[in-house]
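Novice: Okay, predicted coordinates and the sequence, questions at the end:
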Amino acid sequence: MYTINPDLQQERDGATFNPYELTIWWDGGTEKHEKRKALEKLFLEDSELKDDLPLSYMSHKQIYENSVRKAVLIAKKLRDLHDVGELSVDTYTALLGGTLGCALLKEGNPLSVHFVMFVPTILGQGTMEQQITWLSKAWELNIIGTYAQTELGHGTFLRGLETRADYDEKTQEFVLNSPTLTAYKWWPGGLGNTANYAVVVAQLLAPFIVQIRDEETHMPVPGVDIGEIGPKLGMKSGNNGYLGFKNVRVPLNHMLMKNQQVLFDGTYIPPKNSALTYGTMMFVRVVLIRDASLALAKASTIAVRYSAVRRQSPIDPNKPEPQIMDHITQQLKLFPQVAKAIVFKANGDIIYDMYAHVSQEIEKGALERLPEMHALSCCLKAVCSADAASGVEVCRLACGGHGYMDCSNFPTLYGMSTAVCTYEGENTVMLLQTARYLVKAYGQAALNPQVQLVPTVAYIKKIIEEPEFVGFDGSSEAIVEAFEYVAANKIRIAYERVEQQRRKGAVPEVATNRCGIEMVQAAELHGRAFLAHTALTEIQALSQKVSPALGEIFQLLLELYLVDACLHGIGDFLRFIKLTQQDVNGLELHFQECLKRLRPNVVALVDGFDLHDRILDSALGAYDGNVYEKIFDAAKKSPLNKEAVNASFQKYLKPLMKSNL
Ligand SMILES: CCC/C=C/C(=O)SCCNC(=O)CCNC(=O)[C@H](O)C(C)(C)COP(=O)([O-])OP(=O)([O-])OC[C@H]1O[C@@H](n2cnc3c(N)ncnc32)[C@H](O)[C@@H]1OP(=O)([O-])[O-]
Ligand SMILES: Cc1cc2nc3c(=O)[nH]c(=O)nc-3n(C[C@H](O)[C@H](O)[C@H](O)COP(=O)(O)OP(=O)(O)OC[C@H]3O[C@@H](n4cnc5c(N)ncnc54)[C@H](O)[C@@H]3O)c2cc1C
């Protein structure tokens with residue numbers, strides 16, 4: 001019998017808005033919502049896509065083989081959808097890392113990098129002719145590719161990559177070599193045992209399409225040394241691999257030549273902007289902002305539902321134990337994560353649209369907005385992924401001991417979300433990229449007050465025009481303005497310290513390294529100021545478009561997000577703005593007031609994310625809230641419970657116990 005836990009039901013009955021309305025916004029409209037539901041039905045009800053045994057009880061090899069089996073089933077279904085004309089970009093996204101994809105292959109899909117990086121690189125870096133040659137084969141999965149850039153010795157510093165592609169004019173071929181152990185490609189997803197082609201980034205820092213396995217036998221082609229890199233913290237079925245080359249020859253036209261060319265006679269024509277080679281990474285960084293929102297939505301759904309069901313420790317000694325959500329410190333942990341999920345979602349959508357616009361301009365040869373887009377995508381990728389990973393961990397801790405169980409799904413969620421802090425550009429490195437741009441922008445504005453800065457950094461000029469911040473009243477508008485003011489001052493400090501170092505004779509790179517701490521702080525605050533600004537404009541506008549009941553909730557989430565963000569950075573605010581004791585008290589009380597006001601609606605809010613139980617895959621977070629039954633059922637699946645006495649008793653324990661007699 002399907003019964004809903006009464007505490008959870010009571011929460012739902014007490015909500016003041018309809019979660020379905022939130023779901024429709026979250027999904028991007030009714031049509032997209034219906035498509036998502038149909039897709040979930042198609043994939044989640046397929047018994048072949050379910051795992052009988054939890055992954056924790058499978059071996060490394062079993063996990064991989066099972067993931068390939070399922071990845072192929074998913075790919076076949078995608079092909080069927082394609083044949084009936086029902087395949088859209090949204091479908092791909094959902095199935096390759098989105099919520100649905102993570103439900104079907106919770107530890108990663110060995111074909112993800114094929115779709116997320118191999119195909120986009122051909123699109124972004126290949127000439128029209130190269131696209132015609134490779135794209136249909138890749139879409140149809142006649143070939144399976146990966147993106148092999150990182151090496152054992154270098155991931156961040158791409159100019160330090162050691163893989164060589166030397167041009168042989170006589171045969172008009174490139175010869176690929178890994179001259180050292182550290183030149184081996186290391187990490188690419190799907191490279192271990194799955195892919196037979198790879199985009200290989202080699203010096204001259206260009207992408208090459210290289211066949212790495214035979215199309216029939218799947219044996220590595222001569223001169224290629226491939227393997228899988230072994231177990232990792234998470235993403236256990238990503239099939240990350242290594243790859244070395246010894247005199248592997250590829251034709252000249254296997255170098256992807258949209259942005260840079262090598263002619264038959266070996267003449268090299270460099271790209272208009274060297275960063276164009278890094279285009280695929282920018283695209284993925286943009287997508288990762290939405291992924292951060294999804295990670296927080298999942299984690300907060302699990303922890304909020306559990307906190308409505310779990311009762312512990314009386315608050316009033318004369319009353320029964322309350323739902324743990326009534327401990328205010330529990331609200332402190334959970335509610336900001338719900339608010340961040342919504343704010344990151346709104347930001348992710350905006351950035352995605354901005355990226356689409358900028359990449360259209362780039363296609364036409366207009367590169368003016370590329371640096372701005374790069375700077376923004378880097379710091380947002382860093383800030384959102386870091387907040388998502390720490391938010392998932394906060395939610396796990398908020399579930400006490402049971403949060404530590406695999407069956408809570410927090411270990412997997414954490415493994416997946418913390419990986420984002422490293423891949424597609426390690427977060428500190430990303431912040432330093434943004435900082436470099438910000439410091440330059442500040443310098444331009446400081447030297448020439450008439451200079452026009454691009455919209456996302458235009459606020460920097462305010463502190464030059466009006467060095468004093470006046471009129472902080474604790475409102476959302478004032479917090480956003482203060483955030484920009486604080487960020488601008490942090491950028492100013494980074495700029496001034498870099499200049500000081502340069503005056504002392506340091507070359508720019510050394511000066512930047514000496515000021516790295518100021519630089520990352522400035523970039524983080526710039527990211528947070530952008531998130532706050534967009535949250536204000538987008539969520540306020542959104543509140544007007546939905547029902548008054550939901551509008552009120554959006555406003556409340558906005559306030560909660562902003563006050564929480566402000567209190568987290570209060571040291572910086574106090575440093576640059578004349579806040580009084582009363583102002584800070586006001587912020588603290590406002591924050592607590594937000595928690596109190598959100599309390600009756602928080603279950604409905606996470607219900608509004610509408611995450612299917614299979615997507616959550618958590619004994620603690622299921623819609624029905626039958627937590628204890630589900631924890632027990634999960635424990636029963638342990639192979640150690642299949643026999644009353646384990647063989648180790650006779651073999652080891654008993655002799656030990658007897659020898660003590
Ligand atoms: C499912 C998961 C799959 C995971 C897959 C992966 O992880 S795949 C592997 C993922 N791997 C990674 O993510 C590796 C991370 N590493 C990198 O991306 C780069 O090596 C780097 C950006 C750190 C430095 O690069 P560098 O040493 O060549 O550059 P520099 O610092 O000397 O700056 C030179 C100029 O270029 C500019 N610029 C740079 N990038 C871009 C861009 N994308 N766009 C536009 N512009 C860009 C920069 O701002 C600067 O401009 P300025 O100031 O001169 O006007
Ligand atoms: C799960 C996963 C999947 C991946 N998939 C792929 C893939 O499909 N294809 C692929 O090519 N790669 C892939 N990668 C590799 C990934 O892109 C790199 O690991 C990442 O770019 C970081 O590079 P690194 O490992 O060299 O770190 P490092 O650069 O060695 O970082 C180590 C430390 O050094 C610091 N550091 C490095 N440079 C600087 C600097 N300039 N200034 C200040 N600090 C610095 C960093 O901040 C960090 O604290 C994957 C990685 C993971 C974890």
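Specialist: Received the coordinates, thanks. Numbers count the residues shown, from 1 in each chain. Ligands and ions are numbered 1, 2, ... in the order given.

Novice: Quick one: the helices in the stretch 251-400 of the chain, in order.
Specialist: Under the criterion DSSP state H, counting those that start in this stretch, helices of the stretch 251-400 of the chain are mapped to 279-309, 328-363, 370-397.

Novice: so what secondary structure elements neighbour the longest one?
Specialist: This means helix 328-363. helix 279-309, helix 370-397, helix 516-545, helix 548-568, helix 581-598, helix 602-608 (3 or more CB pairs under 8 Å, 6 or more residues apart in numbering; DSSP states H and E). For every residue, glycine as well, the C-beta is placed using N, CA and C.

Novice: if we can go back for a sec, got JSON lines for the helices of the stretch 251-400 of the chain, with distance to ligand 1 and mean neighbour count too?
Specialist: Formatted as JSON lines, these follow (distance: least, CB to the nearest ligand atom, whole Å; neighbours: other CB atoms under 10 Å):
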{"stretch": "helix 279-309", "distance to ligand 1": "5", "mean neighbour count": "26"}
{"stretch": "helix 328-363", "distance to ligand 1": "10", "mean neighbour count": "20"}
{"stretch": "helix 370-397", "distance to ligand 1": "3", "mean neighbour count": "24"}
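
Novice: possible to save those helices as TSV with mean pLDDT?
Specialist: Listed next are the helices of the stretch 251-400 of the chain as TSV, based on pLDDT from 0 to 100:
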stretch	mean pLDDT
helix 279-309	95
helix 328-363	95
helix 370-397	97
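
Novice: Of all those helices, which one comes closest to ligand 2?
Specialist: helix 279-309 (8.4 Å; CB to the nearest ligand atom).

Novice: Just want the angle from the helix or strand where Glu499 lies to helix 548-568.
Specialist: Assessed by DSSP states H and E, Glu499 sits inside helix 476-503. Helix 476-503 and helix 548-568 meet at an angle of 30 degrees, taking axes from the mean of the first three to the mean of the last three CA atoms, to 10 degrees as the criterion.

Novice: from the chain's centre, how far out does the next helix or strand after helix 476-503 sit?
Specialist: For helix 476-503, the following helix or strand on the C-terminal side (DSSP H and E) is helix 508-514. On the basis of CA atoms, centre = their mean, to the nearest Å, helix 508-514 sits 29 Å off its chain's mean C-alpha point.

Novice: cool, and stretch 323-342?
Specialist: Worked out by CA atoms, centre = their mean, stretch 323-342 lies 22 Å from the chain centre.

Novice: re the thing from before, determine the set of other helices and strands touching the helix holding Glu499.
Specialist: Looks like helix 476-503 contacts helix 427-447, helix 460-465, helix 508-514, helix 516-545, helix 548-568, helix 570-576 (3+ CB pairs under 8 Å, 6+ apart).

Novice: possible to save these as a markdown table with mean neighbour count and mean pLDDT?
Specialist: Converted to a markdown table, the helices and strands packed on helix 476-503 look like this (neighbours: other CB atoms under 10 Å; pLDDT from 0 to 100):
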| stretch | mean neighbour count | mean pLDDT |
| --- | --- | --- |
| helix 427-447 | 21 | 97 |
| helix 460-465 | 17 | 92 |
| helix 508-514 | 14 | 96 |
| helix 516-545 | 21 | 97 |
| helix 548-568 | 21 | 98 |
| helix 570-576 | 16 | 97 |
